[in-house]
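> based on what follows, work out the 3D shape:
(one chain, ligands or ions: 2)
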Amino acid sequence: MSDIRPNLRKFIYEQCLINGEWRSADSGKTIAVTNPATQEVIAHVPNCGATETEHAIQAAATALPAWRQKTAAERAQVLKRWHALVMENQQALGELMTLEQGKPVAEAKGEIAYAASYIEWFAEEARRSYGETIPGLTASQRIIVTREPVGVCAAITPWNFPAAMITRKVAPALAVGCTIVVKPASETPLTALALAALAQEAGVPNGVFSVVTGDAKTIGEAFTSSELVRKISFTGSTAVGATLMAASAPTLKRISLELGGNAPFIVFDDADLDKAAQGLIDSKFRNAGQTCVCANRVYVQRSIADAFTQKLLEKVRALNVGNGFDDGVTIGPLISEKAVEKVEKHIADAKQHGAEVVYGGARHELGGTWFQPTVLSNGTPDMLCTKEETFGPVVPLIPFDSEEEALGYANASEFGLAAYFYARDAGRIRRVAEGIEAGMVGVNTGLISNATAPFGGVKASGMGREGGHQGLDEYTELKYVCIDV
Ligand SMILES: NC(=O)c1ccc[n+]([C@@H]2O[C@H](COP(=O)([O-])OP(=O)(O)OC[C@H]3O[C@@H](n4cnc5c(N)ncnc54)[C@H](O)[C@@H]3O)[C@@H](O)[C@H]2O)c1
Ligand SMILES: O=C[C@H](O)CS(=O)(=O)O
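Ligands and ions are numbered 1, 2, ... in the order given. Coordinates of the predicted model:
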């Protein structure tokens, strides 16, 4: 039986939105979009290439003067209408996301609200893109510093959070007067297209926000080679981010990179173990572990390791694996067979290093790309999962003895996106929060993502921030005006 409910059909757009027009690829070629839970083909979207992308970029350049000349309040009003439309359609947009990405409907609806919160946040921030005046060096001199929109922007987004990764780029861009062309992941284009349709309904003018689906490399090259594109914002793997950064260098584009992670999760002996176990569930199993900021390696102080493991297992056993449309399901399918094979590779490597499977450890009996929530004990600090993100529902528990040892393990990574630790001693909280190498740190919490805070990483996890007032600055340039009158 198809998961495509009648109420969803009006949200399934099988054309791209370019310059306010819904259009197919020039070649007529399409890409199939499948439901990861059933492998059913749910839609076909245009397989666009360079010409369509260049058209969208040109339309963004043409639309830029009028959009940037609107007042911040006028742009804010359009964003507020977009926010209202997204929330009015939260249920349908959530079900659409489950259809193409697989996460449970409740979680998908949560992402829609999270995505909408970026629109609301930047509608408010639009009117706070402040400059400054600086005392002149002479009686007749005035120094003024203003913030101006970067101009035409391009964004490339991943499949794991198909709504939030779009709005946390588009909302700040539009707020400050930029225009933007977005290429969503080919696995999950429908959410992006539906969001663009609602933006159009909200009054975003033609060309200000276009969505182009198709060949990633070709579209990416059209973005990076264009003289008109002044900024690229990318969310995805570190490897692709580095490629885009290098390709953007010849035209000196501004670039924001939200890349891969490998979050350490440390449980100290002075932690509240019940809170730590729940925090690990919250962080690790969100989106079946397919989250850039999820705990990827768990370090547990040896003296409380057994007690913590039992508390964790009690909660893992309560996780319900199934189709995201079924009531009560908390763990959906992984996005692809390739994703399952990576999880299997990490578990096999951990076992070779001496880790023991204390729960799960294999594909789920449902078949397809479902995987059992898995807990490994007696892990070691040199397992493959401590070096690359697993992107699946696996908790590798690694014992440690001292605070210094734990911090050393945590920082022994090329990545630095998110990190978490549970402790109650004030001095330990200060030392570890300041010593850990990450862009974002959760102390006694496993959930840190929100629109008000600057989201981003260090080292191989990227550069730039999204959300907070910092997220607005990513889309502006400073202009210094020295007046002598
Ligand atoms: N830091 C963050 O905020 C964040 C958020 C979500 C995902 N991620 C990371 O993204 C990765 C998982 O997502 P993914 O598998 O979609 O990543 P990915 O890098 O394979 O793809 C991301 C996007 O880039 C496009 N792409 C792929 N190759 C490209 C190329 N050569 N040129 C231009 N575009 C190209 C894809 O089509 C997709 O739209 C993980 O590493 C995860 O940690 C990071
Ligand atoms: O995959 C990483 C995203 O950024 C998810 S979230 O921002 O933490 O929701």
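
> contacts only, for the residue lying closest to residue 193 once chain neighbours are set aside.
Once flanking residues are discounted, residue 193 sits nearest to residue 13: 3.9 Å by C-beta to C-beta, 6 or more residues apart in numbering. Bear in mind the C-beta positions are built from the backbone N, C-alpha and C, glycine included. Contact analysis of residue 13 by C-beta atoms under 8 Å, 6 or more residues apart in numbering lists 22, 45, 190, 193-194, 196-197.

> mind listing what the residue most central in space within the chain touches?
Per C-alpha atoms, centre = their mean, the C-alpha nearest to the average position across the chain is that of residue 165, at 4.6 Å. Residues counted as contacts of residue 165 (C-beta under 8 Å, 6+ apart) are 157-158, 235, 258.

> on the three-state scheme, the residue nearest to residue 193 is what?
Going by DSSP: H, G, I helix; E, B strand; the rest coil, the secondary structure assigned to residue 13 is coil.

> with residue 8 instead?
helix.

> helix or strand: which one has residue 351?
Using DSSP states H and E, residue 351 sits in helix 337-352.

> look up how far ligand 1 lies from the residue of the stretch 101-250 of the chain found nearest ligand 2.
Taking C-beta to the nearest ligand atom as the measure, the stretch 101-250 of the chain has residue 161 as its residue closest to ligand 2, at 4.5 Å. Counting by C-beta to the nearest ligand atom, to the nearest Å, the separation of residue 161 from ligand 1 is 6 Å.

> so that residue makes contact with residue 110?
No - when contacts are counted by C-beta atoms under 8 Å, residue 161 is not listed as touching residue 110 (10.7 Å).

> higher neighbour count, these two?
Neighbour comparison, residue 161 and residue 110: the larger count goes to residue 161, with 27 against 16 (by other C-beta atoms under 10 Å).

> A helix includes residue 357, no?
No - secondary structure assignment (three-state DSSP) places residue 357 in strand, not in a helix.

> next one: residue 367 relative to residue 39, how far apart?
According to C-beta to C-beta, to the nearest Å, residue 367 and residue 39 sit 11 Å apart.

> so what are the domain limits for the protein?
What the TED database lists as the domains of the chain is 6-259+461-484, 263-443.

> could I get the ones you listed as a markdown table with mean pLDDT?
Formatted as a markdown table, the entries for these read as follows, by pLDDT from 0 to 100:
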| stretch | mean pLDDT |
| --- | --- |
| domain 6-259+461-484 | 98 |
| domain 263-443 | 98 |
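
> minimum distance to residue 451: which of the ones you listed has it?
domain 6-259+461-484 (3.9 Å; C-beta to C-beta).

> mind checking the end-to-end distance for the closest one?
Terminal residues of domain 6-259+461-484 are spaced 66 Å apart (C-alpha to C-alpha, to the nearest Å).

> where does the stretch 301-450 of the chain come near ligand 2, residue by residue?
residue 449 (C-beta under 6 Å from any ligand atom).

> now do the strands in the stretch 301-450 of the chain.
With DSSP state E, counting those that start in this stretch applied, the stretch 301-450 of the chain shows strands at 356-359, 374-377, 394-400, 415-416, 418-422, 440-443, listed in chain order.

> point out the most buried one among the ones you listed.
Highest mean neighbour count of the strands of the stretch 301-450 of the chain: strand 418-422, a mean of 29 (counted as mean count of other C-beta atoms under 10 Å).

> still on that earlier bit, mind listing what's buried in the helix holding residue 351?
Residues 339-340, 342-344, 346-347, 349-350 are the ones in helix 337-352 that count as buried (16 or more other C-beta atoms under 10 Å).

> what of stretch 232-243?
Neighbour-count burial for stretch 232-243, counted by 16+ other C-beta under 10 Å, picks out 232-236, 238, 240-241, 243.

> in helices only, show me these.
Among the buried residues of stretch 232-243, the subset assigned to helices under DSSP state H consists of 238, 240-241, 243.

> so which of the residues you listed are also by ligand 1?
Filtering those for proximity to ligand 1 (criterion: C-beta under 6 Å from any ligand atom) leaves 240, 243.

> any idea which of the ones in helices among the buried residues of stretch 232-243 is the one closest to residue 263?
When these are compared against residue 263 (criterion: C-beta to C-beta), the nearest one is residue 238, at 14.2 Å.

> wait, isn't that closest one in contact with residue 260?
Yes - contact criterion C-beta under 8 Å: residue 238 and residue 260 qualify, at 4.5 Å.

> need the overlap of contacts for those two.
For the pair residue 238 and residue 260, residues contacting each of them under the criterion C-beta under 8 Å, 6+ apart are 415, 460-461.

> any chance of those in JSON lines, with distance to ligand 1 too?
Formatted as JSON lines, the entries for the shared contacts of residue 238 and residue 260 read as follows, by distance: C-beta to the nearest ligand atom, whole Å:
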{"residue": "415", "distance to ligand 1": "9"}
{"residue": "460", "distance to ligand 1": "10"}
{"residue": "461", "distance to ligand 1": "6"}
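
> got JSON lines for those, with distance to residue 433 too?
As requested, these are arranged in JSON lines below (distance: C-beta to C-beta, whole Å):
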{"residue": "415", "distance to residue 433": "18"}
{"residue": "460", "distance to residue 433": "21"}
{"residue": "461", "distance to residue 433": "17"}
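
> and the residue of the stretch 301-450 of the chain nearest ligand 2?
residue 449 (3.4 Å).

> how many neighbouring residues does that residue have?
Neighbour number of residue 449 under other C-beta under 10 Å is 18.

> now it: phi and psi?
In terms of degrees, to the nearest 10, the main-chain angles of residue 449 are phi -90, psi 120.

> wait, it sits on residue 114?
Yes - counting by C-beta under 8 Å, residue 449 touches residue 114, with 7.2 Å between them.

> for the stretch 251-400 of the chain, list the residues in contact with ligand 1, please.
For the stretch 251-400 of the chain, the residues found near ligand 1 under the criterion C-beta under 6 Å from any ligand atom are 258-261, 292, 389.

> which one of the residues you listed is nearest ligand 2?
Relative to ligand 2, the closest of those is residue 292; by C-beta to the nearest ligand atom it sits at 3.3 Å.
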